[in-house]
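# I'd like to go over a predicted model; first the sequence, then the structure.
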Amino acid sequence: MDHFNSRPTSAKEVVISYSLNYALARIAAYSILVFAGFYLISTIKFDYANYKRADYAYLAIAIGMIFYFGNDIIKEISKLKKKLILSDKGITVENIFHSWKSIRKETVTKKEEHSKSAGFDYVGAILQFTSSKGTVEVNLFAYKTDEETVTKLIKSFRNQYNQANRVETVSSNNVFNNLIGFDAYLDLKEKEAIKKEEEILRLAEANENDLIEYCRTDVYNKLDQLEFLYYVLSEDYKRWESFLVAEFIRMFEMSKKSDDATALIELIETITQDDNETLESQKIAQYLSKELDNKNPKIQLNALFLIEYWIDENTDQTIISKIKSKLQDPDRNVRWNAYRLIKDCAFIESSDIKLSFMDKIKGRF
């Protein structure tokens, strides 16, 4: 693998080229397999009249090898133009730009990869992150760089972006800085999980200012940790009700302006309550009810998705009426999801609810 050889196009951008040595090694391996295909053809020749069944199988295998690995050679040559661009604006991978605003969980890690050309597994460095365009993985072994360099660059450019855009970060002495994520929590044994929950509740009780700071800064880079935190606080909902209701509404407001609203909606879905009848909990149902009038259908759909968890047979009938009114909404998806919600909630009178046959068909598929 080549040593790091990037071309700085400006003080705030680094361009990392595809490794020529890496490409040549793969092309050489694919070429050997292509030549093996030609050799296999030469051994059986083209005397079709005397071919046996096995000869036809060998011919098919040989032609398959030539075309399959020949195509891989062409692909590898085309990859020589690939660039990995890191800047204070974001990361560009295969000509697709991901802004720092949408990037979260950026990390350089080790991962076992399989070499199709060499036929063995190896451990390589991977740049991995999630953005509004999905999860992205970059095999750093294929570029003129190394794990340490890219780690420093993404940290530096993330900090530059945060400073330029006044993105607040959690203070280094915040007691929640080492909080595990929800996925890690689910992997714990029962006794360890209970112990961890109790620990978080004690920390929250004794460090409420740190809790507020942690939840309200650099949200996208710790969604997994916040999911765990909201889940644990919801276990003691009566104590943390006011805080969780405020967080729910704040996160929904963030989602309305976000490029990755789904991540935030899934996050606040973790917030659960003991009693819909408290004044604080009713605030969420009332808030979501108002969002059903939002001009953006996507926001309406998010409100419909969440409001089901915050209503019951004692909910104000004006909120139920608002949900029913969505059956007449201009957007087909809103109509279908309102219909589904009403049918799923046994406490909502639905005998007079109707939805067109086409809406039902299109909604299901």
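Good, I have the coordinates.
# now do the helices in the chain.
Using DSSP state H, the helices found in the chain span residues 20-44, 53-78, 147-164, 182-186, 190-206, 208-216, 223-235, 237-256, 261-268, 279-291, 297-307, 317-325, 332-344, 357-364.
# who's in contact with residue 231?
182, 185, 270 (CB atoms under 8 Å, 6 or more residues apart in numbering). Placement of C-beta: from N, CA and C, glycine included.
# can you flag the buried ones in those?
Listed as buried from the contacts of residue 231 are 182, 185, 270; burial here means 16 or more other CB atoms under 10 Å.
# out of those residues, who's nearest residue 344?
residue 270 (20.0 Å; CB to CB).
# that older thread, nearest to residue 104, of the helices of the chain?
helix 223-235 (6.5 Å).
# now the closest one: buried residues?
223-234.
# and if you look at stretch 209-222?
210-211, 213-215, 217, 219-222.
# spatially, which two of those are the most separated?
210 and 220 (19.5 Å).
# and the closest residue to residue 310 other than its chain neighbours, how many neighbours does it have?
Counting by CB to CB, 6 or more residues apart in numbering, residue 310 lies nearest to residue 285, which is 4.3 Å off, once chain neighbours are set aside. When neighbours are defined as other CB atoms under 10 Å, residue 285 has 19 of them.
# which residues touch residue 285?
Contact analysis of residue 285 by CB under 8 Å, 6+ apart lists 276, 307, 310-311, 315-316, 319.
# ok, now with 10 Å
276, 306-307, 309-312, 315-316, 319-320 (CB atoms under 10 Å, 6 or more residues apart in numbering).
# which one of these is nearest to residue 259?
Checking these against residue 259 with CB to CB, the nearest one is residue 306 at 19.5 Å.
# surely the closest one touches residue 284?
Yes. Here residue 306 lies in contact with residue 284, judged by CB atoms under 10 Å, at a distance of 8.0 Å.
# count of neighbours near residue 161?
19.
# and for the one 3 residues further on?
Here the number of neighbours of residue 164 (other CB under 10 Å) works out to 12.
# quickly note the distance from it to residue 221.
Using CB to CB, to the nearest Å, residue 164 is found at 17 Å from residue 221.
# re earlier: any chance of the contacts of residue 285 in CSV, plus pLDDT, neighbour count and distance to residue 356?
Below are the contacts of residue 285 laid out as CSV (pLDDT from 0 to 100; neighbours: other CB atoms under 10 Å; distance: CB to CB, whole Å):
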residue, pLDDT, neighbour count, distance to residue 356
276, 60, 16, 32
306, 95, 20, 26
307, 95, 23, 23
309, 90, 16, 28
310, 92, 23, 28
311, 90, 22, 25
312, 87, 14, 29
315, 87, 21, 27
316, 88, 13, 29
319, 93, 19, 25
320, 92, 19, 22
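# specify which member of those residues is nearest to residue 134.
For the contacts of residue 285, the nearest to residue 134 is residue 306 (23.1 Å; CB to CB).
# contacting residues for the residue lying closest to the closest one once chain neighbours are set aside?
Computed as CB to CB, 6+ apart, the closest residue to residue 306 that is not its neighbour in sequence is residue 288, at 5.8 Å. The contact partners of residue 288, taken as CB under 10 Å, 6+ apart, are 248-249, 252, 300, 302-311, 319, 322-323.
# for residue 288, give its distance to residue 257.
For residue 288 relative to residue 257 (CB to CB), the value is 17 Å.
# please apply the same query to residue 326.
Counting by CB to CB, the gap from residue 326 to residue 257 is 23 Å.
# what of residue 21?
From residue 21 to residue 257 the distance is 45 Å (CB to CB).
# more neighbours, those two?
The neighbour comparison of residue 21 against residue 257 (other CB under 10 Å) goes to residue 21, with 10 against 7.
# pLDDT at that one, what is it?
Looking at residue 21, its pLDDT stands at 88.
# I'd say it and residue 80 touch.
No. Using CB under 10 Å, residue 21 is not in contact with residue 80; the gap is 11.3 Å.
# go through stretch 57-73 and flag the buried ones.
Quick answer for stretch 57-73 (16+ other CB under 10 Å): 59, 62, 65-66, 69, 72-73.
# between those residues, which is nearest residue 339?
Nearest to residue 339 among the buried residues of stretch 57-73, with distances taken as CB to CB, is residue 72, at 49.9 Å.
# right, and that closest one touches residue 23 too?
No. Between residue 72 and residue 23 there is no contact under CB under 10 Å: 11.3 Å.
# turn the buried residues of stretch 57-73 into a markdown table, including pLDDT and distance to residue 128.
Shown next, in a markdown table, are the buried residues of stretch 57-73 (pLDDT from 0 to 100; distance: CB to CB, whole Å):
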| residue | pLDDT | distance to residue 128 |
| --- | --- | --- |
| 59 | 81 | 43 |
| 62 | 86 | 39 |
| 65 | 90 | 33 |
| 66 | 90 | 35 |
| 69 | 90 | 28 |
| 72 | 90 | 24 |
| 73 | 90 | 28 |
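# from these, which is closest to residue 109?
residue 72 (26.3 Å).
# what residue, apart from its backbone neighbours, is nearest the closest one spatially?
In space, residue 72 is closest to residue 30, 4.7 Å off (CB to CB, 6+ apart).
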